[in-house]
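# Pasting a predicted model and its sequence here:
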Amino acid sequence: MEDDGVERVERPEATPTPASAREIRLPAAHVPTADEEPELGPDDSRAAGPRTVPPGTPPAIARVFERLPVGIHDEPPVGAIGTSGIHVDKIWVGQAYEREGCTGESEKFSLAKHGAVNVCFRVVHSRVEETVDVLWEKDGELFRRRAVQIPELHAYRTRAYLVLRREYIGSWKARVVSVDGIELAAAAFAVVE
């Protein structure tokens, strides 16, 4: 008989057991050992749950943050947490804005090819209307500020945009800041000719 990797056990003939009394045996699940499990780094999203408090968070803010409900799409914060527990769990920059958010993700935007830069972000907070500011910084200097209203929803994806002009050539950063001045997220990009 060929060895096909299945263990066969021969049992002596016995009196048949009624179907209701038979025991069903399933194969044991494989539990990986420590040397088989992949090591998770601090930047690995599997290493931190959506309510993992970022290092340096004051205890009072951490308590508020940990009490927020957790949605199925929630991720850990990408920056700091505001005093109300407000935080951003995703930020990205793109050439255009569509139903699913910013598209045509890029770190460089050309005046010749692109008309605008869009920064999309997902805010998670308690179900209370709040405001965040998007600060547009060019070459390290504040260039423009835009208030963005966050409605009474658990999570809200929104965007801000910058229409490109020749005087905008340089290094940029879009920062999302809570009303109490805490940086919730930032995305860097460059505008070139």
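All right, it came through fine. Residues are numbered from 1 along each chain as shown.
# Relative to Glu105, how far out is Val53?
Going from Val53 to Glu105 by Cβ to Cβ, to the nearest Å gives 29 Å. In this view, the C-beta of every residue, glycine as well, is placed from N, C-alpha and C.
# Repeat that for Leu164.
In this view, Leu164 and Glu105 are 16 Å apart by Cβ to Cβ.
# Who has more neighbours out of these two?
Leu164 (18 against 13; other Cβ atoms under 10 Å).
# Could you check the pLDDT of the more buried one?
Leu164 carries a pLDDT value of 95.
# 74 is where my numbering starts, stick with that
In the new count, where the first residue is 74, that last one comes out as Leu237.
# Next one: it from Glu171, what distance?
19 Å.
# do the same with Pro224
Pro224 sits 20 Å away from Glu171, going by Cβ to Cβ.
# again with Thr125
Distance of Thr125 to Glu171, given as Cβ to Cβ: 31 Å.
# And Leu141, by the same measure?
For Leu141, the distance to Glu171 - Cβ to Cβ - is 28 Å.
# which one of these two has more residues nearby?
The neighbour comparison of Leu141 against Glu171 (other Cβ under 10 Å) goes to Leu141, with 20 against 11.
# Could you give the number of residues near the nearest residue to the more buried one once chain neighbours are set aside?
The shortest distance from Leu141 to any non-neighbouring residue, by Cβ to Cβ, 6 or more residues apart in numbering, is to Gly158 (5.0 Å). A count of neighbours around Gly158, defined by other Cβ under 10 Å, yields 20.
# ditto for Glu214
Using other Cβ under 10 Å, Glu214 has 7 other residues around it.
# Equivalent analysis for the one 4 residues further on, please.
In terms of burial, Arg218 registers 12 neighbours under the definition other Cβ under 10 Å.
# Regarding it, what is its secondary structure?
Arg218 falls in the strand class when you classify it by DSSP: H, G, I helix; E, B strand; the rest coil.
# Tell me how far it lies from Glu173.
Taken as Cβ to Cβ, the span from Arg218 to Glu173 is 27 Å.
# Report the residue spans of the chain with pLDDT below the cut-off.
Applying pLDDT under 70 to the chain picks out residues 74-120.
# Do a quick rundown of the strands in it.
Along the chain, counting by DSSP state E, strands occupy 160-167, 169-171, 174-176, 181-183, 189-197, 203-211, 214-223, 228-236, 243-251, 256-265.
# So which of the ones you listed is the most surrounded?
Among the strands of the chain, strand 189-197 has the highest mean neighbour count (mean count of other Cβ atoms under 10 Å), at a mean of 24.
# helices and strands around that one, which ones?
Packed against strand 189-197 by the contact rule (3 or more Cβ pairs under 8 Å, 6 or more residues apart in numbering; DSSP states H and E) you find strand 160-167, strand 169-171, strand 174-176, strand 228-236, strand 243-251, strand 256-265.
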